[in-house]
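Participant: fold the following and give me the result.
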Amino acid sequence: MPNAISLPPLPPAEIQLSDSGHGPKTPSSHGGGDDFGNWNPMGWTTPAAASRAGIYVGLASVSMLFASLTGFFLLHRSLARNWVRTPLPPVLYLNTLLLMSSSLTLERARAALGSYRSKVFRGWLWITLGLGVAFIAGQVSAWRQLAGEGVYLAGNPSGAFFYFVTGAHGLHVAGGLMALGYLVLKAREIEWGLRRRTAVDVTRIYWHFMDGLWIYLFALLLWLRG
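Facilitator: Residues are numbered from 1 along each chain as shown. Next up, the predicted model:
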């Protein structure tokens, strides 16, 4: 009797059922998205811990930037003879209150997300975004007021310091506003998946840092005015 032809064993099945048990898992439901909920055809993922580590490294760089700026101008202040105190626009007090309030509203949004209150989550996100935009508008108003009083970037080193530090901080706040805008646009997707909530945590860390940084800068401006 001729020998039977042996066939190679079939490879193990790669298709897994979805969590509902009614079909194969898609990239969006298993291993196909990153921590921000975006589809990744290569199946690569970014762990939440790596995302947080990345934002901390970025914030360390921002800290070094502002430390260098303040150190340079403080040294210049001790050596320069043309340092004239720059009056602070009163709107800065309102701006400080707006930014501090935005940190509180962002925490309220995060708490609402944790308790699965979708509408409340989206509402607090919109309020946080609005407060951030109001802060930037207030900073622009402060710059216009100083310009109207004859304080410009060139000339008085004290005025240059004000424009440099508030402008640099404003640019970083604008970056935070872009992140908040992303959360607003992706709010429903964030509510549907726990892994996508890493975006909320990273944005929260960045935004609170911008709040603390502004308090430091505002206190420094008050001290230099005195």
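
Participant: so what secondary structure elements neighbour the helix or strand that contains Val202?
Facilitator: Per DSSP states H and E, Val202 falls inside helix 198-225. Where contact means 3 or more C-beta pairs under 8 Å, 6 or more residues apart in numbering; DSSP states H and E, helix 198-225 is packed against helix 48-79, helix 91-114, helix 157-185. (Glycine included, C-beta is placed from N, CA and C.)

Participant: run the last query once more with 10 Å
Facilitator: The helices and strands touching helix 198-225, judged by 3 or more C-beta pairs under 10 Å, 6 or more residues apart in numbering; DSSP states H and E, are helix 48-79, helix 91-114, helix 118-148, helix 157-185, helix 187-192.

Participant: how far does the longest one sit from the chain's center?
Facilitator: In terms of C-alpha atoms, centre = their mean, to the nearest Å, the centre of helix 48-79 is set 15 Å apart from its chain centre.

Participant: may I see the buried residues of it?
Facilitator: 48, 51, 55, 59, 62, 66, 69-70, 73 (16 or more other C-beta atoms under 10 Å).

Participant: low-confidence stretches in this protein?
Facilitator: Residue ranges of the chain with pLDDT under 70: 1-47, 80, 82, 193-196, 226.

Participant: C-alpha coordinates for stretch 178-196, PDB please?
Facilitator: Provided in PDB are the C-alpha atoms of stretch 178-196 (Å, rounded to 0.1, in the frame of the first residue of the first chain):
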ATOM      1  CA  MET A 178      -4.500  72.800  21.400                       C
ATOM      2  CA  ALA A 179      -4.400  69.700  23.700                       C
ATOM      3  CA  LEU A 180      -7.600  70.800  25.400                       C
ATOM      4  CA  GLY A 181      -9.200  71.300  21.900                       C
ATOM      5  CA  TYR A 182      -8.200  67.800  21.100                       C
ATOM      6  CA  LEU A 183      -9.900  66.500  24.200                       C
ATOM      7  CA  VAL A 184     -13.100  68.400  23.300                       C
ATOM      8  CA  LEU A 185     -13.100  67.000  19.800                       C
ATOM      9  CA  LYS A 186     -12.400  63.500  21.000                       C
ATOM     10  CA  ALA A 187     -14.600  63.600  24.200                       C
ATOM     11  CA  ARG A 188     -17.000  60.900  23.100                       C
ATOM     12  CA  GLU A 189     -14.100  58.500  22.100                       C
ATOM     13  CA  ILE A 190     -12.400  59.200  25.400                       C
ATOM     14  CA  GLU A 191     -15.500  58.300  27.300                       C
ATOM     15  CA  TRP A 192     -15.700  54.900  25.500                       C
ATOM     16  CA  GLY A 193     -12.300  53.600  26.300                       C
ATOM     17  CA  LEU A 194     -10.100  53.600  29.400                       C
ATOM     18  CA  ARG A 195      -6.900  53.500  27.500                       C
ATOM     19  CA  ARG A 196      -7.800  56.700  25.700                       C
END
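
Participant: contacting residues for the residue lying closest to Tyr216 once chain neighbours are set aside?
Facilitator: Spatial nearest neighbour of Tyr216, excluding adjacent residues (C-beta to C-beta, 6 or more residues apart in numbering): Phe66 at 8.0 Å. Phe66 makes contact with 164-165, 168-169, 172, 213, 216-217, 220, according to C-beta atoms under 10 Å, 6 or more residues apart in numbering.
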